[in-house]
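Engineer: I'll drop the sequence and a predicted model, then ask my questions.
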Amino acid sequence: MMKKEIIGYQFAERIKSALIIGSKMLLVLETLKENEFEGAKKVMFAFFDALYTETALASNATGMQEFARGGETLKSVKKMIEEGAFSEAHATLGSAVSHATTACDRTMRALMEEGLM
């Protein structure tokens with residue numbers, strides 16, 4: 001059981017950090033115009049696709065649904081960016097951070113109960 005908790009904690013911390021980075025990238029993306037915007041959007045979508053893969057790996061490795069929900073949220077964020085709905089994209093990224101935080105909290109508590117943190 002503890003092996004799964006340790007793996008879950010590691011994934012949650014990495015994913016949470018990447019989501020925060022993605023949020024900062026989105027702030028920059030909103031300020032760009034024309035060709036810069038299109039190029040940056042491609043990079044951002046590649047980043048989100050890689051992060052989606054990470055959430056899928058985390059979900060498969062741990063069975064924690066918070067990771068699967070976070071991955072689905074990333075798909076929604078991409079669609080919002082395509083539509084130019086940046087405020088909604090920011091809010092939705094925030095909810096993905098919440099899912100990762102929930103996963104992190106749950107695994108950290110289990111590790112603390114075992115004296116491993």
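Structural biologist: Looks like it arrived, so ask away.
Engineer: Can you pull out the low-pLDDT segments for this structure?
Structural biologist: Low-confidence segments of the chain, defined by pLDDT under 70: 1, 116.
Engineer: Centre-most residue in it?
Structural biologist: Closest to where the C-alpha atoms of the chain average out (Cα atoms, centre = their mean) is Leu19, at 4.0 Å.
Engineer: Do I have it right that it meets Thr101?
Structural biologist: No. Contact criterion Cβ atoms under 8 Å: Leu19 and Thr101 do not qualify, at 9.5 Å. Just so you know, the C-beta spots here come from the backbone N, C-alpha and C atoms, and that holds for glycine as well.
Engineer: How about the secondary structure of the residue nearest to the centre of the chain?
Structural biologist: Reducing the assignment to helix, strand or coil with DSSP: H, G, I helix; E, B strand; the rest coil, the entry for Leu19 is helix.
Engineer: so who does it touch?
Structural biologist: Leu19 is in contact with Leu51, Gly70, Leu93, Ala96, Val97, Ala100, counting by Cβ atoms under 8 Å, 6 or more residues apart in numbering.
Engineer: go on, Phe48?
Structural biologist: For Phe48, the set of contacting residues under the criterion of Cβ under 8 Å, 6+ apart consists of Gly22, Leu74, Val77, Lys78.
Engineer: Would you mind pointing out the helix or strand Asn35 falls in?
Structural biologist: Element membership for Asn35 (DSSP states H and E) is helix 34-62.
Engineer: I'd like the next helix or strand past that helix.
Structural biologist: Next in sequence after helix 34-62, counting helices and strands by DSSP H and E, comes helix 65-82.
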